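> here's a sequence, model it:
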Amino acid sequence: MSPIDSITVGAQVGVILPLLTAVVQRPAWSAKAKRVVAAVAALVAGVLTVAVDGGWAQFQLGTHTTLTVLGVLAAAQTSYDLVWKPTRVAPTIETVTSPKAAMKAG
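Residues are numbered from 1 along each chain as shown. Purely as a prediction, here's the structure:
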């Protein structure tokens, strides 16, 4: 896998990651807690992306792993700030999947 491929695959995963992270996050959490969850999710998603896309042997190439993780993190933050937050998609997912919302629905 070339460095450009690493960044591209990482970016593709990162664009979707905020929607998946929103399922776990809660509206009442502090901004700092949400940032920590988002950063950990990006790290885990980046590592899984390297493993799935290039196999476990790719971890011997630190550059590819680093670029993929950074690609996930950058794309996740950018897509959240430019698309998912302004359109209220991610915040709505947070609200709907919160335990309080689930109790009200049931």
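
> where does pLDDT dip in this structure?
1, 101-106 (pLDDT under 70).

> max-length helix in it?
Ranked by number of residues, the top helix in the chain under DSSP state H is helix 31-54.

> ok, residues contacting it?
With C-beta atoms under 8 Å, 6 or more residues apart in numbering as the test, helix 31-54 has contacts from 1, 5-6, 9-10, 13-14, 17-18, 20-21, 24-25, 29, 58-59, 64-65, 68-73, 76-77, 80. No exception for glycine: its C-beta is placed from N, CA and C like everyone else's.

> in PyMOL, select just the buried ones from those.
PyMOL command restricting the contacts of helix 31-54 to the buried ones, with burial defined by 16 or more other C-beta atoms under 10 Å:
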select buried, resi 1+6+9+10+13+14+17+18+21+25+58+64+65+68+69+70+71+72+73+76+77+80
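
> how far is stretch 85-97 from where the chain is centred?
Distance, stretch centre to chain centre, for stretch 85-97: 14 Å (C-alpha atoms, centre = their mean, to the nearest Å).

> export it to CSV, keeping only CA atoms.
Extracted C-alpha coordinates of stretch 85-97, given in CSV (Å, rounded to 0.1, in the frame of the first residue of the first chain):
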residue,chain,number,x,y,z
LYS,A,85,-22.7,18.8,13.0
PRO,A,86,-24.2,21.6,10.9
THR,A,87,-26.8,19.3,9.4
ARG,A,88,-27.6,18.0,12.9
VAL,A,89,-27.2,14.4,11.8
ALA,A,90,-24.6,13.4,14.4
PRO,A,91,-26.2,15.4,17.3
THR,A,92,-29.6,13.8,16.4
ILE,A,93,-28.0,10.3,16.5
GLU,A,94,-26.5,11.1,20.0
THR,A,95,-29.9,12.2,21.2
VAL,A,96,-31.8,9.3,19.8
THR,A,97,-29.4,6.7,21.1
